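> let's see this in three dimensions:
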Amino acid sequence: MSISWHGTQGAHAAARAGTGRCARVLTTAILVALVAVALAGVWAADAAGAAQDEQVMGESSPDAGGQRVDLADSSSVALPDRSADEEPIVIEADVTEYRYGSHGTIVEARGSVRATHREISVSADYLSVDVDAGELLARGNVLVRRGSSTTSCSEFAYDVASATGRVIEPRVSVPGAFVRGREMDLAPGEFALAGAHATGCDLEEPCYRVTSRRLVIYPDRRIVADWPVLWLERVPVLVVPRLSIPLRGERVGWVEGEGYPVPRLSYDPQSGFVAGMSYLDRSREGLTIRWDGAYASRARGIQLEARAQAGPAPGVSAEVTGGLRSWEGPYGSAMCRIDPFSQMSFAADARYRSGTAHDAGLQGGAQLTGKLGPLVLKAAARKDLPSTGPVYSFPAVDASLGPVTIPGSGARLTLSAGVGRFEEPARGARSSRTYAALSVTSRPLSLTFAKNADATLTLTGSARRAWYETGDSAGSLMAAVNLEGRFGSLEAFGIDVPRVVAGLEYTRRVVSGASPFTFDAVGALNQVTVELAVRLAPSWTVELGSSYDVDAGVLDDLDLSVTNHHHCYDIAATWREKRREFGLEVRFTR
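The predicted structure is shown next:
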């Protein structure tokens, strides 16, 4: 501190000189006193500040003041939790401010803020942490990462101790799904959203979505929605009371046909028009249930069915089916498979159908299978009900070897043989049967004609002979040539697909002798099969399949399919001429 002082001018020089000496002495004394006072003030201020800091960090009085300390360009600040055993919150930001006061310690961070605590990480423009209460608040370009999920929002409130939080207008990404909502509550292991919609489509305007008033995400497991509505583009197509959507790694489970109800519309001569719905539920660990319901116009009735598959114990699998046809009555089946050892298994099944259909009645059987490398042995005893009547086997033993690769050729060989006793009461046939069979499949041969034009050629041959106790014998020789080609390409929804896929197969089978059993009979065959799929545009494909009987000179069958492709799903209409069947199907592709 410096002080400038100026005196007045007098008339006498002597007086001026004496007065000057006194003034200099007095001025010096004043300066010394002022310096001493200034030093004492600085020391007193430092002492008071230290005492105030100690009081605030300890037990501050209710009327004590607050203090703010700014830390600019802080790289990392660790805040201890209330429990010494808990991990701290670590904050990184451009500017971090500590506020100490009677209500506790508040930390505020601004500019490139990032906070981490255990498995949760938060980045935002602004962050506030109440250390004593364990509460965190983030605003502005908030991005929350927790496990495999990522959430972006405008505001995020989080309680560190309970690991719960609230998110306003969240956009959540979990492996396999993208979810948006009005607000979201976080809890350990789940996210609950209100006013939400979910989709597995990664487009800005998704081609399908599910909207729901309440939706719960269980990361890496499933999404459960209450009263969801399924939308294709902007058209609502389905509403159900509850929906469980499995998450399968990077995909939503409904791509495999599960997790959502599938509308069904078809026609066949026996049932007429059939309209219904199928639902595959895998929301329970180790249990799969398929529900089916449909109305058949020709029978003027309803069919309901439930099929459950479970693995109740290691090495044990079971399947149970129960259903009802209003025009026939109940039906059901049960199957159990036990694998006590890796090379041995036992399976048993039984099924029953009421009514007068060709397969009405009780049937079933048991089978024991053993494996020794490529050798497989099977022993079976069962009763089946084909259209000609029941077939009994008591028992039948089969052995197969292969397929094994033939050295030097790449071809694959399979050998099989068996012996058993069978009965067809409807025909009055009863006899033992012994058979041997051989089949060979060549290594696929790749052919390239030009750019985007290639084909694969495969040759197959087989021989079979059966001998019967009645003195009959039956044999067959079969040869087939299969050629499949891909020609041209076009881009459809971000990927290159073949413009034309064509398949041509010629099969020739000759038979000798005859079998006393209908189920074991093999007919001669001289047939050409053609399959053609043409991608007319990225959104449309037409498929045609036909079989031509060379000996009779007629078309044996004709299948026609038209598919409308979308980014994530296809709508396919199919007509099968020989069976007079029509079907309309929606299937998800990604």
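
> when you work out contacts or count neighbours from here on, use the C-alpha atoms and nothing else.
Noted.

> and for stretch 547-554, what's in contact with it?
Leu525, Asn526, Gln527, Val528, Thr529, Val530, Leu555, Asp556, Asp557, Leu558 (CA atoms under 8 Å, 6 or more residues apart in numbering).

> now, which of these lie within strands?
Among the contacts of stretch 547-554, the members falling in strands (DSSP state E) are Leu525, Asn526, Gln527, Val528, Thr529, Val530, Leu555, Asp556, Asp557, Leu558.

> can you show me the strands along the stretch 201-350 of the chain?
If DSSP state E, counting those that start in this stretch is used as the criterion, the strands of the stretch 201-350 of the chain fall at 208-218, 222-226, 229-232, 235-239, 242-248, 251-252, 261-268, 272-284, 287-296, 301-313, 316-325, 329-341, 344-353.

> show me what the fifth one is packed against.
Contacts of strand 242-248 with other secondary structure elements, assessed using 3 or more CA pairs under 8 Å, 6 or more residues apart in numbering; DSSP states H and E, are made with strand 222-226, strand 272-284.

> dump these to CSV, plus mean pLDDT and mean neighbour count.
Below are the helices and strands packed on strand 242-248 laid out as CSV (pLDDT from 0 to 100; neighbours: other CA atoms under 10 Å):
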stretch, mean pLDDT, mean neighbour count
strand 222-226, 83, 22
strand 272-284, 80, 19
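
> SS state for the nearest residue in space to Ala109 that is not next to it in sequence?
Excluding its sequence neighbours, the residue lying closest to Ala109 (CA to CA, 6 or more residues apart in numbering) is Thr96, at 4.3 Å. Secondary structure of Thr96, reduced to three states by DSSP: H, G, I helix; E, B strand; the rest coil: strand.

> next, count neighbours for Thr96.
Counted with other CA atoms under 10 Å, residues neighbouring Thr96 total 24.

> rank the strands of the stretch 201-350 of the chain by pLDDT, which is bottom?
Ranked by mean pLDDT, the strands of the stretch 201-350 of the chain bottom out at strand 251-252, which scores a mean of 59.

> count of neighbours near the closest residue to Leu372 other than its chain neighbours?
Nearest non-adjacent residue to Leu372, counting by CA to CA, 6+ apart: Gln343, 6.8 Å away. Other residues near Gln343 number 12, with proximity taken as other CA under 10 Å.

> and the one 10 residues further on, by the same measure?
Counted with other CA under 10 Å, the burial measure for Arg353 works out to 21 neighbours.

> distance of it from Val320?
Using CA to CA, to the nearest Å, one gets 14 Å for the distance from Arg353 to Val320.

> who touches both of the two?
Contacts common to Arg353 and Val320, judged by CA under 8 Å, 6+ apart, are Gly332.

> which sections of the stretch 1-150 of the chain are below the confidence cut-off?
For the stretch 1-150 of the chain, applying pLDDT under 70 flags the ranges 1-86, 101-103.

> give the closest residue to Gly165 in space, chain neighbours not counted.
Distances taken as CA to CA, 6+ apart place Tyr158 nearest to Gly165, at 4.0 Å, with adjacent residues excluded.

> no, scratch that, I was asking about Thr211
Closest residue in space to Thr211, ignoring its immediate chain neighbours: His197 at 4.1 Å, by CA to CA, 6+ apart.

> with Val542 instead?
Nearest one to Val542, counting by CA to CA, 6+ apart, is Val562 at 4.7 Å.

> one more: Arg110?
Here the nearest residue to Arg110 in space, its sequence neighbours aside, is Tyr126; by CA to CA, 6+ apart that works out to 4.7 Å.

> which strand residues bridge that neighbour?
Arg110, Arg139 (DSSP bridges).

> kindly report the same for Ser345.
Thr369.

> what number of residues lie near it?
Ser345 has 18 neighbouring residues, counting by other CA under 10 Å.

> repeat that for the one 5 residues further on.
Applying the criterion other CA under 10 Å, we find 18 residues in the vicinity of Ala350.

> my guess is it meets Gly364, correct?
Yes. Contact criterion CA atoms under 8 Å: Ala350 and Gly364 qualify, at 4.0 Å.

> just the strands in the stretch 451-590 of the chain please.
Defined through DSSP E, counting those that start in this stretch, the strands belonging to the stretch 451-590 of the chain, from first to last, are 453-468, 473-492, 495-513, 525-537, 540-549, 554-565, 569-576, 581-588.

> want to throw those strands into JSON lines with mean pLDDT and mean neighbour count?
Formatted as JSON lines, the entries for these read as follows, by pLDDT from 0 to 100; neighbours: other CA under 10 Å:
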{"stretch": "strand 453-468", "mean pLDDT": "96", "mean neighbour count": "18"}
{"stretch": "strand 473-492", "mean pLDDT": "95", "mean neighbour count": "17"}
{"stretch": "strand 495-513", "mean pLDDT": "94", "mean neighbour count": "16"}
{"stretch": "strand 525-537", "mean pLDDT": "95", "mean neighbour count": "17"}
{"stretch": "strand 540-549", "mean pLDDT": "94", "mean neighbour count": "17"}
{"stretch": "strand 554-565", "mean pLDDT": "90", "mean neighbour count": "17"}
{"stretch": "strand 569-576", "mean pLDDT": "89", "mean neighbour count": "18"}
{"stretch": "strand 581-588", "mean pLDDT": "82", "mean neighbour count": "18"}
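
> returning to that earlier point: wait, which of the contacts of stretch 547-554 is closest to Glu328?
Distance ranking of the contacts of stretch 547-554 against Glu328, using CA to CA, places Asp557 first at 30.9 Å.

> contact partners for that closest one?
The contact partners of Asp557, by CA under 8 Å, 6+ apart, come to Gly545, Ser546, Ser547, Tyr548, Arg576, Glu577, Lys578.

> if we use 6 Å, what do you get?
Remark: with contacts taken as CA atoms under 6 Å, 6 or more residues apart in numbering, Asp557 is in contact with Ser546, Ser547, Lys578.

> for Thr529, see how far away the second one is.
Summarising the geometry, the distance separating Ser547 from Thr529, computed by CA to CA, is 4 Å.

> do the last one as well
Spatial separation of Lys578 from Thr529 under the definition CA to CA is 14 Å.

> do Arg118 as well
Arg118 is 62 Å from Thr529, where distance means CA to CA.

> beta partners of Thr321?
Using DSSP bridges, the beta-bridge partners of Thr321 come out as Arg307, Ser333.

> thought it was touching Pro330?
No. With contact defined as CA atoms under 6 Å, Thr321 does not reach Pro330; the gap is 10.8 Å.

> circling back to that earlier point, need the contacts of Asp557 in TSV with distance to Val240, can you?
Compiled in TSV, those are given as follows (distance: CA to CA, whole Å):
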residue	distance to Val240
Ser546	40
Ser547	42
Lys578	36
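
> ok, back up a step: next, count neighbours for the residue nearest to Gly165.
Applying other CA under 10 Å, I find that Tyr158 has 19 neighbouring residues.

> what pairs with the helix or strand hosting it, and is each one parallel or antiparallel?
Element membership of Tyr158 [criterion: DSSP states H and E] is strand 149-159. When pairing is defined by DSSP bridges, strand 149-159 lines up against strand 135-146 (antiparallel), strand 164-168 (antiparallel), strand 171-174 (antiparallel).

> chain center to it: distance?
24 Å (CA atoms, centre = their mean, to the nearest Å).

> same check on stretch 452-462?
Distance of stretch 452-462 from its chain centroid, counting by CA atoms, centre = their mean, is 34 Å.
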